[in-house]
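Participant: Curious how this folds, go ahead:
(2 chains)
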Amino acid sequence: MAEMLESLKEPIFETLYLTFVPLFFAVIFGFIIGVAIFITSSESMIIDTRGHIGLRIINRLADGLVNIFRSIPYLILLIWVNPLANLLTGSMIGATAAIPSLVISATPFYARMVTIAFTEINKGTIEASKALGANTFQIIFKVLISESKPALISGIAMTAISLVSYSAMAGAIGAGGLGFEAFTYGIARRNTERMLITTFIIVIIVFIIQFIGDYFAKKVDKR
Amino acid sequence: MIRFEKVNKTYLGKKNVEAVRDVSLTINDGEIFGIVGYSGAGKSTLIRLVNQLEKVTSGHIYINDVDITALKGKELRQERQKIGMIFQHFNLLWSKTVLENIAFPLEISHISKKERLAKAKAMAEEVGLADKINVYPSNLSGGQKQRVAIARALILNPDILLCDEATSALDPKTTEDILDLLKRINQKYHITILMITHQMETVQKICHRLAVMADGAVIESDTVENIFADPKKELTKQLIQTVDTGVDVKKMALSLKQKYPDGHLLRVTFEKDNSEKPVFYEVITKLNIPINIVSANIKNTQAGALGVMYIHIEMRQEIAPLIEELQRREVKVEVI
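Facilitator: Numbering: from 1, shown residues only, chains lettered A, B, ... in the order given. You can find the predicted model right below:
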C-alpha cells in the first residue's frame, strides 16, 4: 500500500502541475477577455457604445470566440492544438505539451465566469461610481472587481476543477497525471485497486479545491 | 446655478420615447428645488441629464455657466465631481466599509489614504454615523445607508446635490430625518439641491420652489407657497389634494355631491400670519353660515406655516359672500 502511494507521487504531482499552471494563465487571459466583453457590452452602461462600431466589433468577436471554444470538446481541442503545442514547447507528448490546449480550453470558461460575475453587480452601483467621476479604469479595478470578488473566486475554483478533469483526458497524449494512471493501470492492466485509489485521490483533490474556493468566496462576501 | 435650456431627450428604438420634452428651468444657487410627477413623467431622465449619466438629444444644461452637455472625458468627470448624487436604493459598495464608501470619491481623485480617511471620518460624524464607520453597508438600516450615501456625495464639497427619489424607499420617520439632514446641509454649506420625487409631501417640507412634470414636460413651476395656494393645472391640484387630506378629494367631492346635491366643497388656504389668526371664526360668526369641516391641517414649509382646510356647506346657500369675506382677509378660496 505504502509502495503504491509512493509510486503515485509522480502522477499526483503531474495532475497538480496540469491543473495549476494552466489555471494561472487561464485566469489572467480569461479575466482580460471577460472584462473586455463586459465593458464593451451596451448593457453594462460603462461606456456609451452607441456609435462606436469598433467597441461593438470587439464585443461580438470576443463573445463569439468564447462561445465557440467553450463548445469544442476538450479531447478534440487537444488534437487540434497539438501542432501549436509542439511549436511552443518543442514536444508533442508529455505534461508540458498538454498545457497550451488546457489553457485554450479553460480561458473561455473563466472568461464566461467573469462576465457572469460582473453582470450580477447592481447597475446602480456602477451608475453611482460614474456620477462620482470614476473613469472606466477605476470602475474596473475599484468597483467591478471588489463588488464581484466572491463570484470571481468561485469561478477560479470551478475552472480549476474542470482543469483536473481535462488533465485526465490529457493523459491520452501521454501527459501523465492521475487520469493516465487510472487508464493504463486500471483499464489496460485491470488493476482495480489501483484504479480505485487513483479515482479517490482525484475526488479528494477536487474536494480540496472546492473547499478552498468556498472558504475564500465566503470570507470576502460582506453582503 | 443650473440652467436647462430647451432640453430634449428621446430614446431611439422600435418606438421612440420622448422622455424629456423642451424643458427650460433655472435653479438658483443655494435653493432646494423639487421636481414632482408620477412615474414615467421623465423626472429620472431629467436629473440624469444634469450630470450627463444620460446625454441630451438637443438643448443645453449650464452649470455655473459651463455647458455640461458639451463636456467629454476627463473634463466631464471633473465636472461630475462638483455634483453629488444620491439614489433611491443608495447604491453603496457592499464590499467596502462605511468609511471606505464615504472616502471612495477621494480615492478616485487620488488623495492619500491618510487624508481621505480623516476627511471621511469627519463627514461620517457630520451625518451622524460616527459609531458605524467600520461596519459594512449590509448591516445598516435604510436611513443609515442613505446617510452614508449623503456623506459620500458631499465629501468632495460639491456645489450641487442631486437627489433621485432619495426618500422613496424609507419609512415616514426616517424620511423626516433624512429631509432634516438635507435641509441642514443646504443651510450650512449653501449647497444647491435638486430633488425628484413622486411624493408632493417631501417637496412641501423642504423645497423652496418646485416644478411639476408630466409626459416629459414641465407643466407648472413656482414657489412652493404659490403652488400650494393656487395650483393652476389639474395634475398639480390632484397631487396637492392628496397631500392635504391623504384621500382622493375628487372621490370625496363626488360622494358629497350625491348626498347633498346643493352643497358646495371649498378648499381654503391660509398663509403665513393668517394661519395663526382666528380668521375663519370671524367670518362665520359674521355671516352666520353653518359649515362642516371635512379636513384641516397646518404644514410647515420653507416659507412658513401653510394651513389648508376643506369645508362643506350643505344647504342651498349663497356662498359668494363667504368667499368675498375670506378673500378680503387674504385667504385663498377655491370651489371644487
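Participant: got any ranges where the chain has weak pLDDT?
Facilitator: Using chain A here. Counting by pLDDT under 70, chain A shows low-confidence ranges at A:1, A:172.
Participant: switch to chain B, that's the one I care about
Facilitator: Counting by pLDDT under 70, the ranges of chain B that qualify are B:245-248, B:272-276, B:315-317.
Participant: In it, mark out all the helices, start to finish.
Facilitator: Ranges of helices within chain B are B:43-50, B:73-80, B:98-108, B:113-126, B:142-154, B:172-189, B:200-206, B:224-229, B:234-245, B:249-259, B:279-287, B:320-328, based on DSSP state H.
Participant: which one of those lies closest to residue A:74?
Facilitator: Taking C-beta to C-beta, helix B:98-108 is the member of the helices of chain B nearest to residue A:74, at 42.0 Å. (Each C-beta comes from the backbone N, C-alpha and C, glycine too.)
Participant: What is that closest one packed up against?
Facilitator: With contacts taken as 3 or more C-beta pairs under 8 Å, 6 or more residues apart in numbering or on different chains; DSSP states H and E, helix B:98-108 sits against helix B:113-126, helix B:142-154.
Participant: in that helix, what's buried?
Facilitator: The neighbour-count criterion (16 or more other C-beta atoms under 10 Å in any protein chain shown) identifies B:98, B:99, B:100, B:101, B:102, B:103, B:104, B:105, B:106, B:107, B:108 as the buried residues of helix B:98-108.
Participant: now stretch A:139-156
Facilitator: Of the residues in stretch A:139-156, those buried (16+ other C-beta under 10 Å) are A:139-140, A:142-156.
Participant: Of the buried residues of helix B:98-108, which is the nearest to residue B:205?
Facilitator: residue B:102 (25.7 Å).
Participant: Nearest to chain A: which residue in the stretch 101-250 of chain B?
Facilitator: Nearest residue of the stretch 101-250 of chain B to chain A, counting by C-beta to the nearest C-beta: residue B:136, 4.2 Å away.
Participant: residues near that residue, how many?
Facilitator: The burial count assigned to residue B:136 is 19, neighbours taken as other C-beta atoms under 10 Å in any protein chain shown.
Participant: With residue A:52 instead?
Facilitator: 14.
Participant: just residue B:324 next, same as before
Facilitator: So residue B:324, with other C-beta under 10 Å, has 12 neighbours.
Participant: Tell me the bridge partners for the residue lying closest to residue B:319 once chain neighbours are set aside.
Facilitator: Distances taken as C-beta to C-beta, 6 or more residues apart in numbering or on different chains place residue B:264 nearest to residue B:319, at 5.2 Å, with adjacent residues excluded. Here residue B:264 shows beta-bridge partners residue B:313, assigned using DSSP bridges.
Participant: Please report how far residue B:264 lies from chain A.
Facilitator: According to C-beta to the nearest C-beta, to the nearest Å, residue B:264 stands 49 Å off from chain A.
Participant: How about the contacts made by that residue?
Facilitator: The neighbours of residue B:264, taking C-beta atoms under 8 Å, 6 or more residues apart in numbering or on different chains as the test, are B:312, B:313, B:317, B:319, B:335.
Participant: In this structure the second one contacts residue B:323, no?
Facilitator: To tie it back to what came earlier, the one meant is residue B:313. No - look at residue B:313 against residue B:323 with C-beta atoms under 8 Å: they stay out of range, at 10.7 Å.
Participant: So residue B:199 sits against residue B:167, correct?
Facilitator: Yes - contact criterion C-beta under 8 Å: residue B:199 and residue B:167 qualify, at 7.2 Å.
Participant: neighbour count winner among these two?
Facilitator: residue B:167 (27 against 17).
Participant: thought that one was touching residue B:179?
Facilitator: Yes - between residue B:167 and residue B:179 a contact is recorded at 6.5 Å, counting by C-beta under 8 Å.
Participant: Residue numbers of chain A in contact with chain B?
Facilitator: Neighbours of chain B within chain A, by C-beta under 8 Å from any C-beta of the partner chain: A:48, A:122, A:124-125, A:127-135, A:138, A:142-143, A:146-147, A:149, A:220, A:222-223.
Participant: what's the spacing between residue A:5 and residue A:195?
Facilitator: Distance check for residue A:5 against residue A:195: by C-beta to C-beta, to the nearest Å, it reads 15 Å.
Participant: Give me the more crowded residue out of these two.
Facilitator: Between residue A:5 and residue A:195, counted using other C-beta under 10 Å, residue A:195 has the larger neighbour count: 18 against 11.
Participant: so where does the more buried one fall, helix or strand?
Facilitator: Element membership for residue A:195 (DSSP states H and E) is helix A:192-219.
Participant: Off-centre distance for that helix?
Facilitator: Put simply, helix A:192-219 sits 16 Å off its chain's centre (C-alpha atoms, centre = their mean, to the nearest Å).
Participant: Okay, buried residues for it please.
Facilitator: So helix A:192-219, judged by 16+ other C-beta under 10 Å, has buried residues A:194-195, A:197-199, A:201-202, A:205-206, A:209, A:213, A:216-217.
Participant: So which other helices or strands are in contact with the helix of greatest length in chain A?
Facilitator: Determined from DSSP H, the single longest helix within chain A is helix A:2-39. Packing partners of helix A:2-39 (3+ C-beta pairs under 8 Å, 6+ apart): helix A:53-71, helix A:95-119, helix A:149-170, helix A:177-181, helix A:192-219.
Participant: among those helices, which is nearest residue B:121?
Facilitator: helix A:149-170 (25.2 Å).
Participant: Between its first and last residues, how far does stretch B:165-181 reach?
Facilitator: For stretch B:165-181, the first-to-last residue distance is 15 Å (C-alpha to C-alpha, to the nearest Å).
Participant: is it up against chain A anywhere?
Facilitator: No - using C-beta under 8 Å from any C-beta, stretch B:165-181 never reaches chain A; the gap is at least 11.6 Å.
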